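> just coords:
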């Protein structure tokens, strides 16, 4: 086990009555907040109206900025930063899922930075002062409500880059599973895929003696595998939605990443695909992860067999770990298909024409490798993408 | 799943190099701190000397107060409060295990309270202002390093009572598994028993649909069952000690208690036994838990069978859950015996003479019931103790 620091300041208010805290918690963001959101779904359900009423009752002034898209754009973040400066806004209330929260984190980090916010995402400058961010979560997937990261897309070149810093964690997250009842099946499935991926990026490690975090990770994965198909059948079942929502947070608040080297190659590869083809992040992950696993399997086939055994209840063949490992990958693919996710690039109508370009971009033109379980060059990345065709 | 609020502010610094933070973290407690500890073991190992050097280097003044005993006494807490007032001490650095930390929390809570600190533990007054507490953990067991509780014993009547408040959580915890290498086998085993109990008090619930926290709980228990016997055989194995140490925190920081009704009858019953007979808390728990399980089993025999199956890998007999449940209890008893813990009152030389008295005390003379999985009267408590004879 490796040394680690674990500190997660985000306060979680979870459950049917969590919405009651919207007013009092928002007061802690400042006198005037940016109400940041995505498309029209929160308006259609009437929830947006409720939130605004609660802010007014609590005496919290607000300025609206909607229009956050999946794979959130740095252009809107720049707009938000200008708005916050012009209107003397003190904090941000993000209503939505990972895209809205990541966009809010970008605005928070860029607000007091003198240069262009993209510098922070390119690693040209460090995260300094921040605006406080609060979250009302409506899509359980990204775990951004208590994570230390933010991923943005720059339309200029369709680059996807991320920042990470402990102080970026939101101050609070209001999580009412009822708000996820109306989530469309595809978004529910994409969310489940993202949650699985956040666990697997940490699970596939070369760090030995990480039994406790392994077992907790397996618990989260089993919970998703068990509940995601149920949520598609019974979208209005509170308890099923609650299991998924709490799992989404615990998969990515770094608890299960403590004491271990993490991988994250799959996320980086996926970022190039969704950056260029604008497919859902979850769809990119369900395509890349099985291919990545097949490609890197030999690095630690025992761990792959353990995954198959403990997560998918596949008997370990002690004479042939590889057989067990492959059965585990097949089980993972079947799970993705069961919830309606693509498992090949062709399922998402993507062919091989831009594979080399994406592989180069993922490695910043061969100036970096990806991942730790196996360090991947652009050749490796291209090979993985071809395995996923 | 029930609604919940989860917020754990304690910063964890874990690993071989965690000690390097002692100076800088202690500065955050104030200019002058109370260095609170137990017996002589930290002096014998030389660790106490190291800590004092680091405080001096960091320019943190300190006043020593040692002598905390297992089942920590309110008399020493009163002494600590007086000392903090007299010396204008701003914060407390607790070095040790649960007893020292609980004692430090008592001093912290009593420092600014005008009446006697025991009022807080008897529920006659509410927790108000607190002194900051930092922890250097040397015994993994109680989980007090990031928990919201404190248990003290009042020698006047040998009453054991607790307080709980989110603000009581320590500011930071420095956790170096190497510091637990020299822990004697019996204390190692008592710690493992306490960790198991903290999980089981939450696991045995009547709240339905708590799959995620069930699975994470099972992960913690399996980790302890797997590693505690190994720690007795290889006390200097870093990774084994690290698994146990991190498990001790996660078992009791309330993560696995989210969304569910908890029980805690066993702890309350145990408090009466260790309050009167002054046996180790862990020893009391390994005696009471199997008896409690046998007594309350019928309340939800399916849950008991799930425990047997998922924690001890016992096949479920679908025609007879009770058989499976009983096999699980036997497996738990065997685990306790394997690590040298008592499983009957007679193993600790305790007979039935004071059972009625303890049962009355546990229920405050029949003015309260204990637990939630089954609400226990003093008659129930006495019956459980007799099952444990």
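Looks like it arrived, so ask away. Computed from a predicted structure; not experimentally measured.
> Alongside chain B, which residues does the stretch 201-350 of chain A contribute?
A:208-209, A:211-216, A:218-220, A:222-223, A:226-227, A:238-240, A:242-243, A:246-247, A:250, A:255, A:258-259 (CB under 8 Å from any CB of the partner chain). All C-beta atoms are positioned from the backbone trio N, CA, C, and that covers glycine.
> out of those, which are buried?
Buried members of those, counted by 16 or more other CB atoms under 10 Å in any protein chain shown: A:209, A:211-216, A:218-220, A:222-223, A:227, A:238-240, A:242-243, A:246-247, A:250, A:255, A:258-259.
> Find the residue closest to residue A:125 in space, skipping its chain neighbours.
residue A:119 (4.4 Å; CB to CB, 6 or more residues apart in numbering or on different chains).
> In a helix, that neighbour, correct?
Yes. Counting by DSSP: H, G, I helix; E, B strand; the rest coil, residue A:119 is found in a helix.
> residues near it, how many?
If you count neighbours by other CB atoms under 10 Å in any protein chain shown, residue A:119 ends up with 14.
> Repeat that for residue A:202.
Residue A:202 has 25 neighbours, counted by other CB under 10 Å.
> List the buried residues in the helix or strand it falls within.
Counting by DSSP states H and E, the element that carries residue A:202 is helix A:185-203. Buried residues in helix A:185-203, counting neighbours by 16+ other CB under 10 Å, are found at A:187-203.
> What of stretch A:378-389?
Neighbour-count burial for stretch A:378-389 flags A:378, A:380-385, A:387-388 (criterion: 16+ other CB under 10 Å).
> and it, how far from the chain's centre?
Centroid separation for stretch A:378-389 versus its chain: 22 Å, with CA atoms, centre = their mean, to the nearest Å.
> Can you list the buried residues in stretch A:162-182?
For stretch A:162-182, by 16+ other CB under 10 Å, it's A:162-163, A:165, A:168-180.
> Which of the residues you listed fall in strands?
A:162-163, A:172-175 (DSSP state E).
> can you redo the residues you listed as JSON lines with pLDDT and distance to residue B:277?
Formatted as JSON lines, these follow (pLDDT from 0 to 100; distance: CB to CB, whole Å):
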{"residue": "A:162", "pLDDT": "91", "distance to residue B:277": "57"}
{"residue": "A:163", "pLDDT": "95", "distance to residue B:277": "57"}
{"residue": "A:172", "pLDDT": "98", "distance to residue B:277": "45"}
{"residue": "A:173", "pLDDT": "98", "distance to residue B:277": "46"}
{"residue": "A:174", "pLDDT": "98", "distance to residue B:277": "47"}
{"residue": "A:175", "pLDDT": "98", "distance to residue B:277": "45"}
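> Dump those to TSV, plus distance to residue B:22.
Compiled in TSV, these are given as follows (distance: CB to CB, whole Å):
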residue	distance to residue B:22
A:162	33
A:163	31
A:172	31
A:173	33
A:174	37
A:175	36
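> and of those, the nearest to residue B:130?
Ranked by distance to residue B:130 (CB to CB), these are led by residue A:172 at 21.5 Å.
> What number of residues are in the vicinity of residue A:49?
By other CB under 10 Å, the residues close to residue A:49 number 11.
> so which strand or helix has it?
Going by DSSP H and E, residue A:49 is part of helix A:47-57.
> Which residues does that helix contact?
With contact meaning CB atoms under 8 Å, 6 or more residues apart in numbering or on different chains, helix A:47-57 is reached by A:19, A:22-23, A:26, A:33, A:35, A:37, A:42-43, A:61-62, A:93, A:95, A:136, A:138, A:179.
> same check, this time on stretch A:381-389
So stretch A:381-389 is contacted by A:265, A:269, A:273, A:287-288, A:290-292, A:294-295, A:344-346, A:351-352, A:355-356, A:358-359, A:362-363, A:370, A:376 (CB under 8 Å, 6+ apart).
> ditto for stretch A:275-287
Stretch A:275-287 is contacted from outside by A:70-71, A:98, A:141-142, A:153, A:158-160, A:186-187, A:189-194, A:196-197, A:266-267, A:270-271, A:273-274, A:336, A:341-345, A:347-348, A:350, A:354, A:357-358, A:361, A:388, using CB under 8 Å, 6+ apart.
> let's see it at 7 Å
The contact list for stretch A:275-287 (CB atoms under 7 Å, 6 or more residues apart in numbering or on different chains) reads A:70-71, A:141, A:153, A:158-160, A:189-191, A:193-194, A:197, A:266, A:270, A:273-274, A:336, A:341-345, A:348, A:350, A:354, A:358, A:388.
> Of these, select the buried ones using a ChimeraX command.
The buried residues among those can be selected in ChimeraX (16+ other CB under 10 Å) with this line:
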select /A:70,71,141,153,158,159,160,189,190,191,193,194,197,266,270,273,274,336,341,342,343,345,348,350,358,388
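> The contacts of stretch A:275-287 in strands, which ones?
For the contacts of stretch A:275-287, the ones inside strands are A:153, A:159-160, with DSSP E as the criterion.
> Columns distance to chain B and pLDDT on top of these, output as a markdown table?
Formatted as a markdown table, the ones in strands among the contacts of stretch A:275-287 follow (distance: CB to the nearest CB, whole Å; pLDDT from 0 to 100):
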| residue | distance to chain B | pLDDT |
| --- | --- | --- |
| A:153 | 31 | 93 |
| A:159 | 34 | 86 |
| A:160 | 30 | 85 |
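> Now a PyMOL select for only the buried ones of the contacts of helix A:47-57.
Selection command for PyMOL covering only the buried members of the contacts of helix A:47-57, criterion 16+ other CB under 10 Å:
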select buried, chain A and resi 19+22+23+26+33+35+37+42+62+93+95+136+138+179
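> Now for the contacts of helix A:47-57: which two are most distant?
Across the contacts of helix A:47-57 (CB to CB), the longest gap, 24.0 Å, separates A:61 and A:179.
> picking up where we left off before, any idea which of the buried residues of stretch A:162-182 is the one closest to residue A:123?
residue A:163 (8.3 Å).
> Quickly list what that closest one is bridged to.
On the basis of DSSP bridges, residue A:163 is bridged to residue A:150.
> give the contact list for it.
Residues near residue A:163 by CB under 7 Å, 6+ apart: A:109, A:120-121, A:127, A:149-150.
> can you list the ones in strands among the contacts of stretch A:275-287 in JSON lines and add distance to residue A:52?
Putting these into JSON lines (distance: CB to CB, whole Å) gives the following:
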{"residue": "A:153", "distance to residue A:52": "29"}
{"residue": "A:159", "distance to residue A:52": "35"}
{"residue": "A:160", "distance to residue A:52": "32"}
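> Okay, strands next: where are they in chain A?
Ranges of strands in chain A, per DSSP E, are A:4-6, A:11-14, A:32-37, A:61-65, A:91-96, A:133-137, A:149-154, A:159-164, A:172-175.
> on contacts alone, who are the packing partners of the shortest one?
The criterion is 3 or more CB pairs under 7 Å, 6 or more residues apart in numbering or on different chains; DSSP states H and E, and the helices and strands that strand A:4-6 contacts are strand B:11-14.
> Could you list the paired strands of the strand it packs on along with their orientation?
For strand B:11-14, pairing defined by DSSP bridges yields strand A:4-6 (antiparallel), strand B:172-175 (parallel).
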